[in-house]
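Colleague: next comes the sequence, and after it the predicted model I'd like to discuss.
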Amino acid sequence: MSYTSDIQATTIKWTLSAIAVMGGISIFFLKEPLAFVLGLFFGGLIGILNFVDLARTLERAVRMRMDKAKTFTALKYFIRYITMIIVLFVSIKADYINVIGTIIGLLLIKFVVLATNLFDNRDNQQKYINRKGDE
């Protein structure tokens, strides 16, 4: 497994765990949690697919010429945005999917990436905090 695949797998596991925890908590606090859980699951899966597509796009773009890489990444960028627009439109039109749950699911992987990078690198953070020149 390559380095990026390992990071992707870890991020996806944490995202799926967060979806499960949030879905479980919503069962106790919402009157009709099924729509929220479906929205959370729907948005979360699309967010994960977008994350994997972004990783593959960057891995492929690195091996391309600069002009071709710019066009390729811009095209894939717009495709991901169009996908998110379609997902939100489906979520709005479908009565059985909660829009707020879908939005949270779409954004959840971004929060997982932020949290894992913020809290996972304590050794690196200590290295920057305890620089010798600052004493």
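Modeller: Sure thing, it's come through.

Colleague: is residue 97 in a helix, a strand, or coil?
Modeller: Following DSSP: H, G, I helix; E, B strand; the rest coil, residue 97 is assigned to coil.

Colleague: measure it to residue 117 for me?
Modeller: 30 Å (Cβ to Cβ, to the nearest Å). Backbone N, C-alpha and C define where each C-beta goes, glycine included.

Colleague: who's more crowded, those two?
Modeller: Per other Cβ atoms under 10 Å, whichever of residue 97 and residue 117 has more neighbours is residue 97, with 23 against 12.

Colleague: check contacts around that one.
Modeller: Going by Cβ atoms under 8 Å, 6 or more residues apart in numbering, residue 97 touches 35, 38-39, 42, 90-91.

Colleague: please redo it, this time with the cut-off set to 6 Å
Modeller: Residue 97 sits next to 38-39, 42, 91 when contact means Cβ atoms under 6 Å, 6 or more residues apart in numbering.

Colleague: what's the answer for residue 35, then?
Modeller: For residue 35, counting by Cβ under 6 Å, 6+ apart, the contacting residues are 96, 98.

Colleague: any idea how far residue 48 is from it?
Modeller: In this view, residue 35 and residue 48 are 20 Å apart by Cβ to Cβ.

Colleague: please enumerate the helices of the chain.
Modeller: 3-29, 33-62, 66-93, 99-119, 122-129 (DSSP state H).

Colleague: just give the nearest non-adjacent residue to the residue most central in space within the chain, would you?
Modeller: The residue lying closest to the centre of the chain (Cα atoms, centre = their mean) is residue 109, at 2.5 Å. Leaving out its chain neighbours, the residue that sits closest to residue 109 by Cβ to Cβ, 6 or more residues apart in numbering is residue 47, at 4.3 Å.

Colleague: tell me the pLDDT of the one you found.
Modeller: You'll see residue 47 listed with a pLDDT of 94.

Colleague: ok, now the one 5 residues further on?
Modeller: You'll see residue 52 listed with a pLDDT of 93.

Colleague: and the residue lying closest to it once chain neighbours are set aside, how many neighbours does it have?
Modeller: What sits nearest to residue 52 in space, not counting adjacent residues and going by Cβ to Cβ, 6+ apart, is residue 8, at 6.4 Å. Residues near residue 8, counting by other Cβ under 10 Å, number 18.
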